[in-house]
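>>> Okay, here's the prediction I keep looking at, along with the sequence it came from:
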Amino acid sequence: MSSRHLYVHVPFCARRCSYCDFSIAVRSSTPVDEYLNALRQELNRGALDGSTLDTVYLGGGTPSRLGGLGVRDVLASIRGHATISDNAEVTIEANPDDVNDMAVAHWVAAGVNRVSLGSQSFDQAALKWMHRTHDSAQIGHAVRTLRRGGIDNISLDLIFALPAQLKRSWESDLVRALDLEPTHVSLYGLTVEAQTPLARWADRGAIVQGTEESYEEEFLTAHETMTEAGFEHYEVSNFARIGMTSRHNSAYWTGAPYVGIGPSAHSFDGVTRRWNVSAYSEWIRRLANGESVISGAESLTDENRTFEEVYLGLRTKRGLAIAEDEMSRIRPWVSAGWALIKEREESQAALPASRFLLPASRSLRLTPTGWLRLDGLAADLAGHRARSTTAALGPTPSHCYI
Ligand code: SF4
């Protein structure tokens, strides 16, 4: 397979943030050599050989914990197996406290041209409550250091729907983010995940979660503030200056194949999704013993495919092709202000072509208030389509696990 998109999972974090349930390895000192050796062993298994990559994304965890030389060596190892195209988007996720002139110089020399900065908030008390390792001032400092080093394509992450008791001003955080002139902003609505410090605080009543109304209010405030500032709200959680959408994430949202390496990384070949063992120590052990690192796989059934087509289409501004006989289902959404019907040609302009796109004269796009109901609306339409498909095709095989 000639894959055009590569995800590399770098699991290390200095400590676990209060809300985080990601697959990470908490280390005070990052075992860069051990990680690089294992990554090279996984690359030697050939998943990338012969590929030309349009996007490379180092995510985590905290890839910037690898430092300048570690990131350089990751990209050099990838180049031993694949070509990174001249105009590739090469992104690294970084925490503000890892950004310094020396590291940025190595990242740029290695081909990094986009940084997704884990800023989360500019409120000092909120950052402390989240167990972030950086303070508010370090965010601006990191942005200026990246620009000075030659990286202008900077995305900022922000978290909304924090508990009211923190008294964080969401409006102020949005303004301070805009003041730094990022090209891209990603939003995360705080949710309480099991096995996190946040879940333990919630269980013992130490925090009162924000209401549904405050979640909706902050999401809509972000939409208004960001679009007024000239950003395109191109995906439910993402805003970009014109032409600065995340090419890597857009590939996921259009159903394109991708390869993932590293612990917990997922790969997709257009039919089957596979995922690696999530624990760092187990990933290391299996590679050292010559064992497979794949812990599971799922071949998309017609029902899965239908749900993905609907969900991925509706989460983006691109929208979803709609058949004439679905209009009666959609009209109440339009009347409620949750959706718009667009002519097909117009709606295809914002994102690359999808394997899901079908010829149709019109498409459906959710509005911001529709995006607040994304799961329910997608389930409704996908359920309708799946019932139609199942009736036409008969039963389909279920998931297959390795
Ligand atoms: S830095 Fe990111 S991956 Fe690491 S603990 Fe915090 S939220 Fe999780």
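Ah, there it is. Numbers count the residues shown, from 1 in each chain.

>>> Confirm for me that L146 is in contact with I154.
Yes: the pair L146 / I154 is scored as a contact, 5.7 Å apart, by CB atoms under 8 Å. The C-beta positions use only the backbone N, C-alpha and C, and glycine is treated the same way.

>>> Looking at these two, which is more packed in?
Set L146 next to I154 and count neighbours by other CB atoms under 10 Å: L146 wins out with 25 against 22.

>>> Between the two ends of stretch 128-142, how far is it?
End-to-end distance for stretch 128-142, by CA to CA, to the nearest Å: 18 Å.

>>> returning to what we had before: and for L146 and I154, which residues touch both?
Contact criterion CB atoms under 8 Å, 6 or more residues apart in numbering; residues shared by L146 and I154: V115, L117.

>>> The ligand versus N304, what's the distance?
Going from N304 to the ligand by CB to the nearest ligand atom, to the nearest Å gives 27 Å.

>>> What of L377?
28 Å.

>>> What residues does the stretch 51-200 of the chain have near the ligand?
Applying CB under 6 Å from any ligand atom, we find that the stretch 51-200 of the chain lies next to the ligand at G60, G61, T62, N95, G118.

>>> mind running it again at 8 Å?
Selection of the stretch 51-200 of the chain residues close to the ligand by CB under 8 Å from any ligand atom yields G60, G61, T62, E93, N95, G118, Q120, M130, H131, R132, T133.

>>> residues contacting the second one?
G61 makes contacts with H9, V10, P11, F12, C13, F22, S23, I24, A25, E93, as judged by CB under 8 Å, 6+ apart.

>>> Compare the residues you listed and tell me which is most surrounded.
Counting neighbours by other CB under 10 Å, V10 comes out on top of these with 29 neighbours.

>>> Quickly list what that residue is bridged to.
For V10, the beta-bridge partners are G60 (DSSP bridges).

>>> next structured bit after the lowest-mean-pLDDT helix or strand in the chain?
Taking mean pLDDT, DSSP states H and E as the measure, helix 344-347 is the helix or strand of the chain with the lowest mean score, a mean of 53. Once helix 344-347 ends, the next helix or strand along the chain (criterion: DSSP states H and E) is strand 362-366.

>>> what does the following helix or strand past that next one rub up against?
Downstream of strand 362-366, the next assigned helix or strand under DSSP H and E is helix 368-371. Contacts with helix 368-371, where a contact means CB under 8 Å, 6+ apart, come from 216, 219-220, 223, 233, 236, 314-315, 333, 336-339, 377.

>>> same thing but at 6 Å, please
Residues outside helix 368-371 that contact it (CB atoms under 6 Å, 6 or more residues apart in numbering) are L220, H223, V236, G337, W338, A339.

>>> wait, which of those is closest to the ligand?
The ligand lies nearest to V236 out of these, by CB to the nearest ligand atom, at 19.4 Å.

>>> Give me the distance between Y311 and the ligand.
Y311 is 24 Å from the ligand, where distance means CB to the nearest ligand atom.

>>> contacting residues for that residue?
Y311 touches A378, counting by CB under 6 Å, 6+ apart.

>>> That one: helix or strand, and which one exactly?
Secondary structure (DSSP H and E) places Y311 in helix 302-315.

>>> three-state assignment of D86?
Look at D86: counting by DSSP: H, G, I helix; E, B strand; the rest coil, its state is strand.

>>> For burial, what's the neighbour tally of whichever residue of the stretch 201-350 of the chain sits closest to the ligand?
Using CB to the nearest ligand atom, the closest approach of the stretch 201-350 of the chain to the ligand is made by S264 at 11.1 Å. S264 is flanked by 21 other residues according to other CB under 10 Å.

>>> Kindly report the same for S281.
Neighbourhood size, S281 [other CB under 10 Å]: 10.

>>> and the host helix or strand of it, what other elements does it pack with?
Element membership of S281, judged by DSSP H and E, is helix 280-288. Packing partners of helix 280-288 (3 or more CB pairs under 6 Å, 6 or more residues apart in numbering; DSSP states H and E): helix 32-43.

>>> Show me what the helix it packs on packs onto, helices and strands only.
Secondary-structure packing of helix 32-43 (3+ CB pairs under 6 Å, 6+ apart): helix 67-79, helix 280-288.

>>> closest one to D54 among these?
Using CB to CB as the measure, helix 67-79 is the one of these that comes nearest D54, at 13.1 Å.

>>> That closest one: which residues count as buried?
By 16 or more other CB atoms under 10 Å, the buried positions in helix 67-79 come out as G67, G68, G70, V71, R72, D73, V74, L75, S77, I78.

>>> Quick check on the nearest residue to I154 once chain neighbours are set aside: phi, psi?
The shortest distance from I154 to any non-neighbouring residue, by CB to CB, 6 or more residues apart in numbering, is to P182 (5.0 Å). Backbone torsions of P182, given as degrees, to the nearest 10, read phi -70, psi 160.

>>> I'd like to know how far P182 sits from R204.
Distance, P182 to R204, by CB to CB, to the nearest Å: 37 Å.

>>> Neighbour count for these two, which is higher?
Using other CB under 10 Å, the more surrounded residue of P182 and R204 is P182, with 25 against 7.

>>> Tell me if I'm right that that one and L156 touch.
Yes: here P182 reaches L156: they are 4.6 Å apart, a contact under CB atoms under 6 Å.

>>> Which strand or helix spans the residue most central in space within the chain?
Centroid check for the chain by CA atoms, centre = their mean gives N249 as the closest residue, at 6.0 Å. In this assignment (DSSP H and E), N249 forms part of helix 247-253.

>>> Give me the contact list for that helix.
So helix 247-253 is contacted by H5, T55, Y57, E89, L312, T316, L351 (CB under 6 Å, 6+ apart).

>>> count of neighbours near the first one?
H5 is surrounded by 25 other residues when neighbours are defined as other CB under 10 Å.

>>> Could I get the contacting residues of it?
With CB under 6 Å, 6+ apart, H5 has these contacts: T55, A251, Y258.
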